[in-house]
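Undergrad: Here's my sequence, what's the structure:
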Amino acid sequence: MNGTEPVGQYALRPMPDAFEAVAAMPVYKLMRMFRARRETIQRWVRACGIEPGPRAPSNKRLVPDDFAERAAEMHRTALCDHYNADDSIVRRWVIESGIEPIAYAPPPGQRKLRASRTGGGMRANLKAVGAINLATVRNWSDADDAAAKLRKFGPVHRCDEQGRFDIAGHFWRAGWAILTDAEIIERANRRRVA
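TA: Residues are numbered from 1 along each chain as shown. The predicted structure follows:
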């Protein structure tokens, strides 16, 4: 048995003559040297009757020596930045060392902005934080209500008298038409939108 027995209809690659002299080397080096798959190298090593060499060295990053000191003063994201490591690596270090980094606490005065569940949305949160108003505040009129109903059928927005977009404009653009407040209310009534 020399490791060249056919498997099915394919003949296996024969073992090179110089292989026995280097068969004790690690498998990953033999794979590179002979440009062969792991299974082929292992078959040749078994055919020589030699115990396979050690596996390739691990690329796994070990827990740094100063990890305990840094974890006492940094949260996990800061540790990722400090060690230039992915979050999964820092989590593995936490498990291996048993040292838990401090919990993240946002700096005072900062609040996470998100839509509230009780209503008001992002604007209510921005006002609570003290941010400026993002849009012009205007009283909701019958024309605004009619425009909101007509938006089911196409784009409708405020504009100036030439039809250019203007959030504080006194006219409305509905498709290609430029309308006044009375005309947009009449158009919404004609559409019979309830």
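
Undergrad: Run a quick neighbour tally on Asp66.
TA: Using other Cβ atoms under 10 Å as the criterion, Asp66 is surrounded by 10 other residues. Glycine gets a C-beta too; all of them are placed from N, C-alpha and C.

Undergrad: So which bits of stretch 151-169 are buried?
TA: 156, 158-159, 169 (16 or more other Cβ atoms under 10 Å).

Undergrad: What are the structural domain limits within the protein?
TA: 1-57, 58-105, 108-135, 142-190 (automatic domain parsing).

Undergrad: and the buried residues of stretch 151-169, which two are the farthest apart?
TA: Val156 and Gly169 (12.2 Å; Cβ to Cβ).

Undergrad: So which helix or strand of this structure has the lowest pLDDT on average?
TA: helix 121-129 (a mean of 51; mean pLDDT, DSSP states H and E).

Undergrad: returning to what we had before: can you say which of the domains of the chain is packed in most?
TA: Highest mean neighbour count among those (mean count of other Cβ atoms under 10 Å): domain 142-190, with a mean of 15.

Undergrad: Now find how far off-centre that domain is within its chain.
TA: When distances are taken as Cα atoms, centre = their mean, to the nearest Å, domain 142-190 is centred 40 Å away from the chain's centroid.

Undergrad: gap between the two ends of that domain?
TA: 15 Å (Cα to Cα, to the nearest Å).

Undergrad: and what of stretch 92-102?
TA: 16 Å.

Undergrad: Below-threshold pLDDT in this structure: ranges please.
TA: 1-9, 51-57, 109-138, 192-194 (pLDDT under 70).

Undergrad: in it, which spans are strands?
TA: 156-159, 171-174, 177-179 (DSSP state E).

Undergrad: so can I have a markdown table of these showing distance to Trp93?
TA: Shown next, in a markdown table, are the strands of the chain (distance: least, Cβ to Cβ, whole Å):
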| stretch | distance to Trp93 |
| --- | --- |
| strand 156-159 | 54 |
| strand 171-174 | 59 |
| strand 177-179 | 65 |
